[in-house]
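[1] next input, structure requested:
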Amino acid sequence: MLTPPLRLQPSAASLAAGFARIRAELGIPDGFPAAAEAEAEAAAAPAAMHADRRDLALVTIDPPGARDLDQALSIAAREEGGFRVHYAIADVAALVAPGGPVDAEARERGLTIYMPDRRTPLHPPAIGEDRGSLLPGVDRPALLWTIDLDGSGSVLSATVIRAIVRSRRALSYAEAQAGIDSGAGDATLLLLREVGGLRIAAEAARGGVSLNVPVQEVVREGDGYALRYEGTLPVEGWNAQISLLTGVCAADIMARGGIGIFRTLEPAEPADLASLRRSAATLGVDWPEGVSYPEVVRRLDPVRPADAAFAVRATRLFRGAGYAVWRAADGDAPPVHAAIASGYAHVTAPLRRLADRFAGEIAVALCAGDAPPAWVLEGLAGIPGAMASAAGRERQAGRAAVDYVESAILAGRVGETFTGTVIDVREGRATVQLAHPAVVAPLDADGAAAGETMVVRLSEADPAERRVRFSRA
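    You can find the predicted model right below:
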């Protein structure tokens, strides 16, 4: 996950100490070693490696205030019909010496980890927020994708080269949406709506689904705390489709080239889908019999709090995602990502994900007719394990943050009763979902059956221990 699952509003700043304690418990670092900081400050991309594509009118679209800008976009109509998408991705490999202090630290971290009060970046700020970031008005090294689409949004061709680019503008999602809605946005924004819509339709046709998870804001409410959901804007889904398109093209290039690192996800377990269906019922999200999970997700209204809570809950279906190194010489078919319903590779967020730097290098080498660099081939086998370790740490941090926030929200309400639905019973342990607040927690209730609705009593809410428990009332 590369967006903050929880965001701390200033009114709830008193909770920050608890998040700092979580980072300390999990060994999430605070700052970078001096050697890594010094190397990052001196980093410079060799100009001879890159073509000059500063002519492209690229824009970035990100959350407000973001400075680690991985992607810049330009879309134009093709004379032959259809669209040409230029997608510039930060060229981190041009700035990070293999085996150097920054590389070593990135391999140890694996991911930028987001918590409600702050993020712990993958790279030192001199790279992640400056020399490597596609900030507006400055020249930056990039891996520049050129993807041609026909009028239906299907891929005609895709290639990637090294280039020097210069972003024209850094837009927030709200600014981009306003430009699209008013019609006053530039051609890229207006075509993004069209191309994004076509790619969403193509995703649905092949049975895929992408989940736009709303940000949960922790706010002060009276003497306690509350969660509010910030619904996603349509432009966020359209923008995400360009990233997904690039990942699908990268996977295709690697499959044809006989080597790559793919993003993997097995189909959801029936028990997890059944649990999610019970959560939908509790929250009032319509999920008729015979309607698939992707169809339900596509119907969600991001403005409706119950739908937003369901989208957050649905992220559990993606927890089995991983990475796999693949070589045609091994004789197996390339892996398929169940949610994307296609081959897929992470290549669009190298400032925030280690694997993207390796996958991007493979793609650019194969497009040039070259073998991937030796440092990529030597380190490739260790990437799935490094990413699995980083993802595990990220999940622990995310789960601890949610537990802490939920226990803070419910503190002072011990003994109160709520109506909840048992969404899971596994190995004798029951889990209950409340509708208001949208909390999921352990339930002490012998004989509880999955799907059972009951009145439960809050028996424990301890922020210090990050623990919430309910019992049958």
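[2] for stretch 134-147, give the mean pLDDT please.
    Stretch 134-147 comes out with an average pLDDT of 97.
[3] CA-only coordinates of that stretch in CSV, if you can.
    Output in CSV follows, covering the C-alpha atoms of stretch 134-147 (Å, rounded to 0.1, in the frame of the first residue of the first chain):
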residue,chain,number,x,y,z
LEU,A,134,9.7,14.6,-10.8
LEU,A,135,9.1,18.1,-9.4
PRO,A,136,7.8,20.8,-11.7
GLY,A,137,10.1,23.1,-13.6
VAL,A,138,13.3,21.1,-13.1
ASP,A,139,15.2,18.6,-15.3
ARG,A,140,14.9,15.0,-14.0
PRO,A,141,16.1,11.6,-15.3
ALA,A,142,13.2,9.3,-16.0
LEU,A,143,12.3,6.0,-17.6
LEU,A,144,9.9,7.3,-20.2
TRP,A,145,7.1,4.9,-21.3
THR,A,146,5.4,5.4,-24.7
ILE,A,147,2.2,3.4,-24.9
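[4] can you give the distance of it from its chain's centre?
    Offset of stretch 134-147 from its chain centre (Cα atoms, centre = their mean, to the nearest Å): 21 Å.
[5] elements contacting whichever strand or helix holds residue 471?
    Here residue 471, judged by DSSP states H and E, is contained in strand 467-472. When contacts are defined as 3 or more Cβ pairs under 8 Å, 6 or more residues apart in numbering; DSSP states H and E, strand 467-472 sits against helix 383-410, strand 440-444, strand 453-462. C-beta coordinates here come from the backbone N, C-alpha and C atoms, glycine included.
[6] partners of it, with directions?
    Sheet pairing for strand 467-472, assigned by DSSP bridges, gives strand 440-444 (parallel), strand 453-462 (antiparallel).
[7] mind putting those strands in a markdown table, mean neighbour count included?
    Formatted as a markdown table, the strands paired with strand 467-472 follow (neighbours: other Cβ atoms under 10 Å):
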| stretch | mean neighbour count |
| --- | --- |
| strand 440-444 | 20 |
| strand 453-462 | 17 |
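[8] okay if I get these as JSON lines plus distance to residue 131?
    As requested, the strands paired with strand 467-472 are arranged in JSON lines below (distance: least, Cβ to Cβ, whole Å):
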{"stretch": "strand 440-444", "distance to residue 131": "42"}
{"stretch": "strand 453-462", "distance to residue 131": "45"}
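[9] the ones you listed: lowest mean pLDDT?
    Among the strands paired with strand 467-472, strand 440-444 carries the lowest mean pLDDT (a mean of 91).
[10] now the angle between helix 383-410 and it, please.
    Angle of strand 440-444 versus helix 383-410, following axes from the mean of the first three to the mean of the last three Cα atoms, to 10 degrees, is 70 degrees.
[11] off-centre distance for strand 440-444?
    For strand 440-444 - counting by Cα atoms, centre = their mean - the centre lies 27 Å from the chain centre.
[12] one more: stretch 263-272?
    Averaging C-alpha positions (Cα atoms, centre = their mean) puts stretch 263-272 17 Å from its chain's average.
[13] may I see the buried residues of it?
    For stretch 263-272, the neighbour count (16 or more other Cβ atoms under 10 Å) marks 263-265, 268, 272 as buried.
[14] again with stretch 147-161
    Under 16+ other Cβ under 10 Å, the buried positions of stretch 147-161 are 147-149, 153, 155, 158-160.
[15] need the helices and strands packed on strand 467-472 in TSV (columns: distance to residue 424).
    TSV is the format used below for the helices and strands packed on strand 467-472 (distance: least, Cβ to Cβ, whole Å):
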stretch	distance to residue 424
helix 383-410	15
strand 440-444	9
strand 453-462	14
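[16] tell me the contacts of residue 309?
    229, 283, 438 (Cβ atoms under 8 Å, 6 or more residues apart in numbering).
[17] export the buried residues of stretch 263-272 to TSV and tack on pLDDT and secondary structure?
    Listed next are those as TSV, based on pLDDT from 0 to 100; DSSP: H, G, I helix; E, B strand; the rest coil:
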residue	pLDDT	secondary structure
263	97	strand
264	95	strand
265	90	strand
268	85	coil
272	88	helix
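[18] now, among those residues, which is nearest to residue 225?
    Nearest to residue 225 out of those is residue 272 (Cβ to Cβ; 29.0 Å).
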